[in-house]
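Q: show me how the following folds:
(chains A and B)
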There are 2 protein chains.
Amino acid sequence: MTTQDASTREIGWHKAYLTGSRPDVAVPVRQVHLTNGRDVTLYDTSGPYTDPSVQTDVRRGLAPVRENWIIGRGDTEEYVGRPVRPEDDGIKHTVPRGGLRNLDAVFPGRPRLPRRARDGQPATQLAYARRGETTPEMEYVALREDVPPQTVRDEIAAGRAVLPANVNHPESEPMIIGKRFLVKVNANIGNSAVTSSIEEEVEKMTWATRWGADTVMDLSTGRNIHTTREWVLRNSPVPIGTVPLYQALEKVDGRAEELTWDIYRDTVIEQAEQGVDYMTVHAGVLLRYVPLTARRKTGIVSRGGSIMAAWCLAHHKENFLYENFAELCDILAAYDVTYSLGDGLRPGSIADANDEAQFAELRTLGELNTIAKRHHVQTMIEGPGHVPMHKIKENIDLQQEICEEAPFYTLGPLTTDIAPAYDHITSGIGAAMIAWWGTAMLCYVTPKEHLGLPDRDDVKTGVITYKIAAHAADLAKGHPGAQAWDDALSDARFEFRWEDQFNLALDPDTARAFHDETLPAEPAKTAHFCSMCGPKFCSMKISRSITERFAPDLAAPSSDADIEAGMLEKSREFAAAGNRVYLPLAD
Amino acid sequence: MTTQDASTREIGWHKAYLTGSRPDVAVPVRQVHLTNGRDVTLYDTSGPYTDPSVQTDVRRGLAPVRENWIIGRGDTEEYVGRPVRPEDDGIKHTVPRGGLRNLDAVFPGRPRLPRRARDGQPATQLAYARRGETTPEMEYVALREDVPPQTVRDEIAAGRAVLPANVNHPESEPMIIGKRFLVKVNANIGNSAVTSSIEEEVEKMTWATRWGADTVMDLSTGRNIHTTREWVLRNSPVPIGTVPLYQALEKVDGRAEELTWDIYRDTVIEQAEQGVDYMTVHAGVLLRYVPLTARRKTGIVSRGGSIMAAWCLAHHKENFLYENFAELCDILAAYDVTYSLGDGLRPGSIADANDEAQFAELRTLGELNTIAKRHHVQTMIEGPGHVPMHKIKENIDLQQEICEEAPFYTLGPLTTDIAPAYDHITSGIGAAMIAWWGTAMLCYVTPKEHLGLPDRDDVKTGVITYKIAAHAADLAKGHPGAQAWDDALSDARFEFRWEDQFNLALDPDTARAFHDETLPAEPAKTAHFCSMCGPKFCSMKISRSITERFAPDLAAPSSDADIEAGMLEKSREFAAAGNRVYLPLAD
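A: Okay, the predicted model is just below:
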């Protein structure tokens, strides 16, 4: 089922592909080659960048792996899209050098026209699943998750899972978000007015997916929003999410009260034509909920939530996203953009967790979820935030009940407020717990949360921390196959196969580097001890000696008499072998 | 109730003392001075090192704050202790330069004789509590935990809490370990044959307590064990724990089968005379349990457990610690050394969690707990290890039931095996959960777990991670006062008091450094935005604006009509103020 290049064995792993019913359904995996001759197959989000047989060029973008499937369905068509304007890049009052730009100018790769559904029919994976169609995308994720394609189709049809796949992002490798599947991790990137560049954001995206990010949200807010997003999308093997409100606000120079439905709508179309796979929409921040936040410890901490709250107050009108939600659904359905219904009133401190404002909005998100489903739009629901451990379960239980088991997509939650610079950890604790209880995707938090923009190291730390939380949840949920990874690593540890331990680790580089700090010499990696204990003292070595002596022929004891008989025999063998409890060192 | 030096206000915090019924009951606290004129009082484990009015000298040791209390009780006496021998420092076959050494030589500080109970009577806090005596130590921890002294006494008397306080460690500041109190964190230090030095270990101890370690275990195994421990004890403001078995094994050159009760007993007395406050004793590893581990994924991973298992197998006899447990109790009772009954058969991988071997040993620990209590020895119980999230609660529930609510002291547990180099995080998740459910003390895990010896940075990362887990649990348990810390920090965050945020953070240095990376200039720390959003975009700023405009006179709404009326009025005010949703920037 997998292809393999024998010469890659020596580097410990290689990129392989699981092939489905047609040759273009080729699901990437990370094939780890153990020194005992066995292989372990791991889920792989890193895209073509880790396949040495593929030449990638960030200026040309990735190959459009889904293009034939999309065209083949025949339900979408190319059209002359919305013209790209300077203000799309936050340039409102001046014409940039070189004049006005168009899509070809902002991204040098292949020119293309945007695509959308013909005749206003929904071109969504939800609509297909409801019709009983198993798309190549569904087959792809079935192989990826090692489940039957029908399970994928059924979960999508029921609205319990989403497969974010904009028809204008054919470069993305299909993945699924739902509680029956592996828990997913999102990494946020995004420049801001203060810092960062386009190249840095593209690099952050490939870096995040290399370490396991399943989706990436581009939260850029400064100059070059449109161009940054274009580069990110054309080079991204994972679904890209955005918050269109941020760009819409740029177009009105940051004055929330000047926002209009038309500006917002235009921005959504702009981003849908580019290929954004899911969008956070803060349609649940209703006028009447805003006063509920006035007495909070930390008010409204969601950027989108605070923008919409300001708009509502300024106009004393209902949230225009709520008022125009049905029309928005039709737009999203035409491109298969997935909703991520934003929790604009999420708590920003332990004190504000699970309060009236938060749960009032959640009930509105449930209402919107029902409308979105009616329009065949795939939908997930965003969740908090800052929540102490004893209040976490109520969040997922209530969300699942109110939103008819739509996938929950949570930020953390952070389980305490006292550790700025360590909020990947305060939130990793809450993330693992809420994922165990049913959250489908976790939005990572980096060490820089509350303090500044994450750099390359922060992105990696955030992703690794959240992969830990996600996998710990997969184990606790009893996800089929999850424990095989732990078992393979623990076997390697017990058998002192250091190289296998490193290659199986979530972060092989750091594991190897930490080991080498204390025992840098090459022989140490096969020596039967580690620096924690020293040559004479390693408990695993002693224990392995016990197992080697006693386990091969000691049947699982069924009675005390059996044990005693076996023990007596083994005791004699032990003495005959010179009472040596330590194995000879490999030296 | 606290003393204060006004001049320290400008550095953001100062060391203060809460005084009790007598002047020598002076409980250190970290007094944080906020820029809004308020103070926040935090628990402080850092000892006299952070008090500028105290001169410390690592060669002389700390002042013996408990000495008068110990002497004043009149139930102990000095005696000529066991002579210190070269093999105590792992020097068996050669006489070191300068000849044989004694205690005065290994530590240059004040000479002293060891002390123990008179007439074989127990001199333990448990015995005192049972007699209804409230010792100065109990009063000290009552102030420290902000609970009535009687609560402390009752919890100790019931065996639900321990106050580790060897009569030969008068330098230690009393602290309590029990589920009714703040969750505590232990940090392990210790050299090994491969690396490290005495100075480094003392430095690691003061470093760990500076960041919040409540106790420190010295797990040294190489040369200079005795001397290292002496230096650590004389300079430690927190209780010190050890595993005497490690040193005993050194004395027989690492050959487990040559261990004897006499050698072990002598080592326990050696360490008790030095002042070790609690000792891990692997008396629950019974001969008949060893075969239960042979088919495990990772056998026996506890060093102590594997040593005792090897001994049992070599002799085909019952564990000599189990056989001589009553005598061991009498020794510990004479010095008020607390038992930490070791879980030698704890699981070392997800696959082995909650198995027959582990729970068989736990039942034996329950039996030993009952014997220890009969001898008035304070006792806690050690727990795992590697446990997936869904199997964690069973561990604490079973331990509390079997061990009559004796304090549980757990290592993690690690919730997955796949992340070497990040096991502070895999285990921090499990630690927070098991502490929420009742674990009294958490043994930290550093990023180097499984890979090598922790350095200074690893110790800090491990301690901070575990302080997060402990505090998250304090919040979830509803510990009185725990949330005040989070509230103070969240208030500072919402009000853009950056300096207050830093000073209230678990790690002010890193929080400040992270912030300064993006916005290094001094004005940024009072500016009303942060680099995550940029000047125009900070949600907290918008939200604060809403609160300032609407909260002062907007009563908590009692009906929809109230809301509407208030909102309309506020909408007019908003327009009258020029629709400005952003506050003017400070600069």
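
Q: how near is residue A:483 to residue B:436?
A: Residue A:483 is 24 Å from residue B:436, where distance means CB to CB, to the nearest Å. Bear in mind the C-beta positions are built from the backbone N, C-alpha and C, glycine included.

Q: which one's more surrounded, the two?
A: residue B:436 (25 against 20; other CB atoms under 10 Å in any protein chain shown).

Q: thought the more buried one was touching residue B:482?
A: No. Counting by CB atoms under 8 Å, residue B:482 is not a contact partner of residue B:436; they are 11.7 Å apart.

Q: what residue lies at the spatial centre of chain A?
A: residue A:185 (2.5 Å; CA atoms, centre = their mean).

Q: list the beta-bridge partners for that one.
A: Judged by DSSP bridges, the bridge partners of residue A:185 are residue A:442.

Q: just to check, it is in contact with residue A:216?
A: No. Here residue A:185 does not reach residue A:216: they are 10.0 Å apart, not a contact under CB under 8 Å.

Q: tell me, what's touching these two both at once?
A: Applying CB atoms under 8 Å, 6 or more residues apart in numbering or on different chains, one finds that no residue jointly contacts residue A:185 and residue A:216.

Q: okay, helices next: where are they in the stretch 51-200 of chain A?
A: Using DSSP state H, counting those that start in this stretch, the helices of the stretch 51-200 of chain A run over A:67-73, A:103-106, A:125-130, A:136-145, A:149-157, A:198-210.

Q: what's the burial count for residue A:323?
A: There are 13 residues near residue A:323, going by other CB under 10 Å.

Q: need the pLDDT of residue A:534.
A: On pLDDT, residue A:534 comes in at 54.

Q: what's near enough to touch the nearest residue to residue A:250 once chain neighbours are set aside?
A: Sequence neighbours aside, residue A:90 is the residue nearest to residue A:250 in space, at 4.8 Å (criterion: CB to CB, 6 or more residues apart in numbering or on different chains). Neighbouring residues of residue A:90 by CB under 8 Å, 6+ apart: A:222, A:223, A:224, A:225, A:250.

Q: could you list the single helix or strand in chain A with the lowest mean pLDDT?
A: Within chain A, no helix or strand scores below helix A:103-106, which has a mean of 50 by mean pLDDT, DSSP states H and E.

Q: pLDDT below threshold where in chain A?
A: A:1-10, A:92-106, A:110, A:191-196, A:519-587 (pLDDT under 70).

Q: quick check, residue A:379 in contact with residue A:370.
A: No. Assessed by CB under 8 Å, residue A:379 is found out of contact with residue A:370, at 9.3 Å.

Q: next one: residue A:78 from chain B, what distance?
A: In this view, residue A:78 and chain B are 35 Å apart by CB to the nearest CB, to the nearest Å.

Q: show me the strands in the stretch 51-200 of chain A, by range?
A: Ranges of strands within the stretch 51-200 of chain A are A:76-78, A:115-117, A:161-162, A:177-178, A:184-189, based on DSSP state E, counting those that start in this stretch.

Q: hmm, back to that, secondary structure for the contacts of residue A:90 - can I get that in JSON lines?
A: Formatted as JSON lines, the contacts of residue A:90 follow (DSSP: H, G, I helix; E, B strand; the rest coil):
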{"residue": "A:222", "secondary structure": "coil"}
{"residue": "A:223", "secondary structure": "coil"}
{"residue": "A:224", "secondary structure": "coil"}
{"residue": "A:225", "secondary structure": "helix"}
{"residue": "A:250", "secondary structure": "helix"}
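
Q: number of residues surrounding the nearest residue to residue A:237 once chain neighbours are set aside?
A: Leaving aside its sequence neighbours, residue A:237 sits nearest to residue A:47 (CB to CB, 6+ apart; 2.8 Å). A count of nearby residues for residue A:47, using other CB under 10 Å, gives 24.

Q: for residue A:47, which residues are in contact?
A: Residue A:47 touches A:28, A:62, A:173, A:206, A:209, A:236, A:237, A:238, counting by CB under 8 Å, 6+ apart.

Q: got it, and residue A:155?
A: Neighbour list for residue A:155: A:161, A:176, A:178, A:180, A:181 [criterion: CB under 8 Å, 6+ apart].

Q: can you do 10 Å?
A: Shown in contact with residue A:155 (CB atoms under 10 Å, 6 or more residues apart in numbering or on different chains): A:129, A:138, A:141, A:147, A:161-163, A:176-181, A:405, A:407.

Q: do residue A:130 as well
A: A:122, A:124, A:153, A:156, A:157, A:158, A:159, A:373, A:376.

Q: for the first one, what are phi and psi?
A: Backbone geometry at residue A:122, expressed as degrees, to the nearest 10, gives phi -70, psi 130.

Q: is it true that it touches residue A:334?
A: Yes. Between residue A:122 and residue A:334 there is a contact under CB atoms under 10 Å: 7.4 Å.

Q: identify the contacts common to these two.
A: Common contacts of residue A:122 and residue A:334 (CB under 10 Å, 6+ apart): residue A:377.

Q: could you check how far the residue lying closest to residue A:389 once chain neighbours are set aside is from residue B:443?
A: Excluding the flanking residues, the one nearest residue A:389 by CB to CB, 6+ apart is residue B:476, at 3.8 Å. Relative to residue B:443, residue B:476 is positioned 20 Å away (CB to CB).

Q: please, where are all the helices along the stretch 401-550 of chain A?
A: Using DSSP H, counting those that start in this stretch, helices in the stretch 401-550 of chain A cover A:423-436, A:456-476, A:482-494, A:498-504, A:508-518, A:539-550.

Q: could you do the stretch 251-400 of chain A as well?
A: In the stretch 251-400 of chain A, the helices defined using DSSP H, counting those that start in this stretch lie at A:261-274, A:303-315, A:320-323, A:325-335, A:356-374, A:392-402.

Q: residue contacts, residue A:344?
A: Here residue A:344 is in contact with A:245, A:280-286, A:289-290, A:293, A:300-309, A:319, A:321, A:357-358, A:361, A:365, A:382, B:539 (criterion: CB under 10 Å, 6+ apart).

Q: out of those, which are buried?
A: A:245, A:280-286, A:289-290, A:293, A:300-309, A:319, A:321, A:357-358, A:361, A:365, A:382, B:539 (16 or more other CB atoms under 10 Å in any protein chain shown).

Q: what about the residue nearest to residue A:435 when sequence neighbours are not counted, how many neighbours?
A: Of all residues not flanking residue A:435 in the chain, residue A:473 sits nearest, at 3.4 Å (CB to CB, 6+ apart). Neighbour count of residue A:473, defined by other CB under 10 Å: 30.

Q: CSV for the strands of the stretch 51-200 of chain A, including distance to residue B:328?
A: Conversion of these to CSV gives the following (distance: least, CB to CB, whole Å):
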stretch, distance to residue B:328
strand A:76-78, 78
strand A:115-117, 78
strand A:161-162, 58
strand A:177-178, 55
strand A:184-189, 49
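
Q: nearest to residue B:455, out of the ones you listed?
A: Of all those, the one in closest proximity to residue B:455, counting by CB to CB, is strand A:184-189 (28.9 Å).

Q: and that closest one, what does it pack onto?
A: strand A:177-178, helix A:198-210, strand A:215-218, strand A:240-242, strand A:408-411, helix A:423-436, strand A:441-443, helix A:456-476 (3 or more CB pairs under 10 Å, 6 or more residues apart in numbering or on different chains; DSSP states H and E).

Q: swap in 8 Å and give it another go.
A: helix A:198-210, strand A:215-218, strand A:441-443, helix A:456-476 (3 or more CB pairs under 8 Å, 6 or more residues apart in numbering or on different chains; DSSP states H and E).

Q: what's it in contact with?
A: Residues from elsewhere that reach strand A:184-189 (CB under 8 Å, 6+ apart): A:175, A:177, A:201, A:204-205, A:208-209, A:212-220, A:232, A:241, A:409, A:440-444, A:454, A:459, A:462-463, A:466-467, A:469-470.

Q: which of the residues you listed are buried, as a PyMOL select command?
A: This is how PyMOL selects the buried members of the contacts of strand A:184-189, with burial counted by 16+ other CB under 10 Å:
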select buried, chain A and resi 175+177+201+204+205+208+209+212+213+214+215+216+217+218+219+220+232+241+409+440+441+442+443+444+454+459+462+463+466+467+469+470
